[in-house]
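**Student:** model the following, please.
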Amino acid sequence: MTTNVLEYGHLERVRIHYDDLDQMGIVHNARYAVLLERALSAYWEEHGFSIANGRPTAPDVFHAVVEFSISYRAPIRGTGDVLIHFWIDKFGQTSGVYGFRITSADGATVHAEGRRSIVRLDQRTMRPTEWTPAAREVAATLARPALAEPEEAA
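**Tutor:** Here you go, the predicted structure:
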């Protein structure tokens with residue numbers, strides 16, 4: 001079994017259920033976004049950001065996905081657990097960009113990878129609005145280190 005040591009981001013174990021499968025017994029392509037949502041929701045809920053009694057526990061919970069892209073690498077066959085590795089590539093004033101990969105439970109097979117961009121919205125105006133300091137603090141724990149600048153030739 002592969003040991004999953006992360007240099008950045010978070011790794012969340014998510015269960016594949018029978019209703020996630022298509023008629024061929026593999027995870028339906030549309031369910032990959034749901035798997036990521038389950039992982040992200042669990043992480044943020046652990047940090048106090050959720051929907052409780054029909055209401056957001058923090059204003060930052062009110063956000064919308066503005067872009068989602070995914071590349072499928074290997075099908076997930078049947079039920080069981082997968083690992084969702086996610087991180088934040090960019091966290092701006094009103095938006096954020098996650099990177100993610102979905103792997104087998106042992107981390108040996110990459111099933112899919114992609115990006116998910118969100119924007120925080122003001123509940124009243126439905127316009128973009130700034131993240132709170134509390135959300136910025138949690139987001140910082142997911143930040144992927146900036147790639148090193150290439151050295152210039154002398």
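**Student:** please report phi then psi for the nearest residue to residue 18 once chain neighbours are set aside.
**Tutor:** Spatial nearest neighbour of residue 18, chain neighbours left out: residue 79 (5.8 Å); criterion: CB to CB, 6 or more residues apart in numbering. C-beta: built from backbone N, CA, C; applies to glycine. With angles defined as degrees, to the nearest 10, residue 79 sits at phi -90, psi 170.
**Student:** how much space separates residue 79 from residue 19?
**Tutor:** According to CB to CB, to the nearest Å, residue 79 stands 10 Å off from residue 19.
**Student:** quick one on the thing from earlier: just list the residues touching the residue nearest to residue 18, thanks.
**Tutor:** Contacts for residue 79 were tallied using CB atoms under 8 Å, 6 or more residues apart in numbering; they are 15, 16, 17, 18, 20, 21.
**Student:** hmm, try it at 10 Å
**Tutor:** Neighbour list for residue 79: 15, 16, 17, 18, 19, 20, 21, 25, 27 [criterion: CB atoms under 10 Å, 6 or more residues apart in numbering].
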